[in-house]
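A.B. asks: Build me a model:
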Amino acid sequence: MSVVGPSSRWTLTILMCWTCSGQGLVMRGLEGPTQTVTRGMDIILHCRYDLEAGDRLYAVKWFHGTREFYRFQPELQPPSRSFPIEDVYVDVESSNAEKLVIRHVVPGTSGIYRCEVSAEETFETDYREMNITIEDAPMADPVIYNIQSRYAIDDELRINCTYFDYGPASRLHWIINGQLKSDDDDEVTLYPTRWRTPSAAVDSQFVSGATPEATTTIGLHIKRLTRQHFGSGNQLTVVCTASSIGSAHRRSSAVKAVLDEGLSSRQGPLVNPLRPSTAAPTAAGDKRRSPQTSTGQSLIITRGETHTLPS
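C.D. replies: Prediction:
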């Protein structure tokens with residue numbers, strides 16, 4: 001029998017025991033979280049079983065696929081033992097005969113988990129399996145660079161959005177006043193993903209033996225702003241969203257610039273898309289402020305919002 005919850009990515013599969021009289025060892029089930037599991041979370045699995053009176057527990061073994069990675073054996077001191085495998089980080093001190101705690105899950109933590117229980121006196125062994133899928137999701141907000149707090153009609157808008165994260169690169173999108181900009185839009189530039197490891201930085205590839213950091217950048221270049229770019233209240237709302245491929249979870253940053261009809265049309269030079277602007281402050285009396293990042297105090301900032309990409 002297979003049971004899948006409506007909002008869960010956990011699959012519980014009940015299998016027959018190897019030798020089972022129906023009296024000595026009774027498996028009650030394998031339990032886990034009822035919500036979707038995303039990268040960075042901790043998960044707790046409960047292996048439920050009963051032993052008949054007079055029988056004793058011999059061992060509880062946990063497997064990821066075919067590889068054993070944790071064992072609880074009460075006759076040993078200490079009773080808990082772990083066998084490290086990649087991407088499965090067991091909290092041994094918090095785990096016991098019925099509970100398994102795995103910290104900081106990553107996509108590689110996904111797979112089939114098996115809890116195998118053995119009785120001491122009857123030699124019975126039974127097990128349950130669970131398929132766990134870890135959804136890759138961005139862990140932080142993207143950063144918008146070089147946005148100004150005020151723009152005039154006919155001004156040029158040239159900004160970038162960068163996302164830093166470990167693991168697979170994220171996809172970035174622009175949303176301007178609620179309208180999604182497609183990747184093939186002439187005003188959108190997709191820069192090559194850069195990978196950095198503790199020892200070296202390389203372009204568009206992983207380095208064996210290290211967890212790489214992906215730097216993903218997208219640019220937006222509007223050569224001439226018109227009144228149609230400013231919505232209600234003469235505001236231009238710019239949102240940058242980051243989402244991992246195959247994930248429904250998104251992180252975003254939003255900034256708002258206002259229309260100032262008293263400004264003349266002037267714009268600073270293009271800056272390095274992977275760095276914040278280092279432009280010097282403008283001369284006294286000029287209402288225009290120097291370019292800011294999305295953390296600048298001169299902007300209206302919305303951090304960590306979840307935005308659904310328009311269709």
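
A.B. asks: distance of residue 182 from residue 173?
C.D. replies: 9 Å (Cβ to Cβ, to the nearest Å). To be clear about C-beta, it is placed using only N, CA and C from the backbone, and glycine gets the same treatment.

A.B. asks: neighbour-wise, which of these two wins?
C.D. replies: Taking other Cβ atoms under 10 Å, residue 182 and residue 173 do not tie; residue 173 has more neighbours (22 against 9).

A.B. asks: which residues touch the more buried one?
C.D. replies: Applying Cβ atoms under 8 Å, 6 or more residues apart in numbering to residue 173 gives the contacts 180, 181, 183, 218, 240, 241, 243, 309.

A.B. asks: Between the residues you listed, which sits nearest residue 70?
C.D. replies: Minimum distance to residue 70 across the contacts of residue 173 is 33.0 Å, recorded for residue 243 (Cβ to Cβ).

A.B. asks: Now that closest one. Nearest residue, chain neighbours left out?
C.D. replies: Nearest residue to residue 243, sequence neighbours excluded (Cβ to Cβ, 6 or more residues apart in numbering): residue 250, at 4.3 Å.

A.B. asks: can I assume that neighbour is in contact with residue 175?
C.D. replies: No: look at residue 250 against residue 175 with Cβ atoms under 8 Å: they stay out of range, at 10.6 Å.

A.B. asks: in the stretch 201-311 of the chain, what spans have low per-residue confidence?
C.D. replies: By pLDDT under 70, the weakly predicted segments of the stretch 201-311 of the chain are 201-212, 245-249, 262-311.

A.B. asks: Please check which residues sit opposite residue 159 as beta-bridge partners.
C.D. replies: Legend: beta-bridge partners of residue 159 under DSSP bridges are residue 220.

A.B. asks: What about it, how many residues nearby?
C.D. replies: Residue 159: 25 neighbours (other Cβ under 10 Å).

A.B. asks: so what pLDDT did it get?
C.D. replies: Note on residue 159: pLDDT of 94.

A.B. asks: what sits against it?
C.D. replies: 144, 145, 146, 147, 219, 220, 238 are the contacts of residue 159 under Cβ under 8 Å, 6+ apart.

A.B. asks: Ok, residue 223 next?
C.D. replies: Residue 223 neighbours (Cβ under 8 Å, 6+ apart): residue 156.

A.B. asks: returning to that earlier point: Produce a ChimeraX select command limited to the buried residues of the contacts of residue 173.
C.D. replies: The ChimeraX selection below is limited to those of the contacts of residue 173 classed as buried (16 or more other Cβ atoms under 10 Å):
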select :180,181,218,240,241,243
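
A.B. asks: Report the two of the contacts of residue 173 separated the most.
C.D. replies: 181 and 243, at 14.7 Å, using Cβ to Cβ across the contacts of residue 173.

A.B. asks: Compile the contacts of residue 159 into a markdown table and extend it with columns for distance to residue 194 and secondary structure.
C.D. replies: Below are those laid out as a markdown table (distance: Cβ to Cβ, whole Å; DSSP: H, G, I helix; E, B strand; the rest coil):
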| residue | distance to residue 194 | secondary structure |
| --- | --- | --- |
| 144 | 18 | strand |
| 145 | 15 | strand |
| 146 | 18 | coil |
| 147 | 22 | strand |
| 219 | 14 | strand |
| 220 | 19 | strand |
| 238 | 23 | strand |
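
A.B. asks: could those residues be laid out in CSV, adding distance to residue 130 and neighbour count?
C.D. replies: Output for the contacts of residue 159, formatted as CSV (distance: Cβ to Cβ, whole Å; neighbours: other Cβ atoms under 10 Å):
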residue, distance to residue 130, neighbour count
144, 41, 26
145, 44, 23
146, 48, 25
147, 46, 26
219, 44, 20
220, 44, 21
238, 43, 23
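
A.B. asks: how close does the closest residue to residue 108 other than its chain neighbours get to residue 177?
C.D. replies: Leaving out its chain neighbours, the residue that sits closest to residue 108 by Cβ to Cβ, 6+ apart is residue 87, at 3.3 Å. Noted for residue 87: a distance of 41 Å to residue 177, by Cβ to Cβ.

A.B. asks: and the residue nearest to residue 243, how far is that from residue 38?
C.D. replies: Taken as Cβ to Cβ, the span from residue 250 to residue 38 is 12 Å.

A.B. asks: And the protein, split by domain according to the record?
C.D. replies: Taking automatic domain parsing as the criterion, the chain consists of the domains 2-132, 143-305.

A.B. asks: on that earlier part again, from the contacts of residue 159, which is closest to residue 43?
C.D. replies: Distances from residue 43 to the contacts of residue 159, taken by Cβ to Cβ, are shortest for residue 144, at 33.5 Å.
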